[in-house]
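Chemist: Sequence first, then the predicted structure:
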Amino acid sequence: QLRLVESGGGLVQPGESLRLSCVVSGITLDDYAIGWFRQAPGKEREGISCISSGGDSTGYPDSVKGRFTVSRDNAKNTMYLQMNSLKPEDTGTYFCAAGTWARGKLHPCVRPSFGAWGQGTQVTVSS
């Protein structure tokens, strides 16, 4: 059974860092596209970055560019989101996702591109 479980969220002060992890079970992650998304209260779920099975990345929105990095460790069936220099506007629920994109193909980093989701982990940035 496909399952994605995020961890690593919490309460931090502005300027601090967090690393979120997402352990995937039930599939071989190497065959799947992965993505990280976030959702602030009252807002739409926003794609942070997505990576195809071939390693191509969709890049990052300006709001997190240079501060966030998405990576994957296929050997551990795990994906990561490294977040540095956190800001209060980064507060939200963070989700990981896996998708059955054609091998190596890059899709838009949007919610409909993924069929499997984790339950989310809360990140709060506040002084």
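Modeler: That came in fine, so what should we check first?
Chemist: CA only for contacts and neighbour counts going forward, please
Modeler: Noted.
Chemist: mean confidence score for stretch 48-66?
Modeler: The pLDDT scores in stretch 48-66 average 93.
Chemist: List the buried residues of it.
Modeler: I48, S49, C50, I51, S52, S53, G55, S57, T58, Y60, V64 (16 or more other Cα atoms under 10 Å).
Chemist: Next, count neighbours for the nearest residue to T100 once chain neighbours are set aside.
Modeler: Counting by Cα to Cα, 6 or more residues apart in numbering, T100 lies nearest to Y32, which is 5.4 Å off, once chain neighbours are set aside. When neighbours are defined as other Cα atoms under 10 Å, Y32 has 22 of them.
Chemist: So for Y32, what pLDDT did the model give?
Modeler: What the model reports for Y32 is a pLDDT of 92.
Chemist: and if you look at E6?
Modeler: E6 carries a pLDDT value of 97.
Chemist: Surely Q39 is in contact with E89?
Modeler: No. Contact between Q39 and E89 fails when scored by Cα atoms under 8 Å: they sit 10.9 Å apart.
Chemist: what's S25 in contact with, if anything?
Modeler: Residues in contact with S25, defined by Cα atoms under 8 Å, 6 or more residues apart in numbering, are Q1, L2, R3, L4, N77.
Chemist: nearest to Q119, of those residues?
Modeler: Of all those, Q119 sits closest to L4, with 7.5 Å by Cα to Cα.
Chemist: picking that back up, more neighbours: Q39 and E89, which one.
Modeler: Q39 (18 against 12).
Chemist: which residues does the more buried one bridge with?
Modeler: T93 (DSSP bridges).
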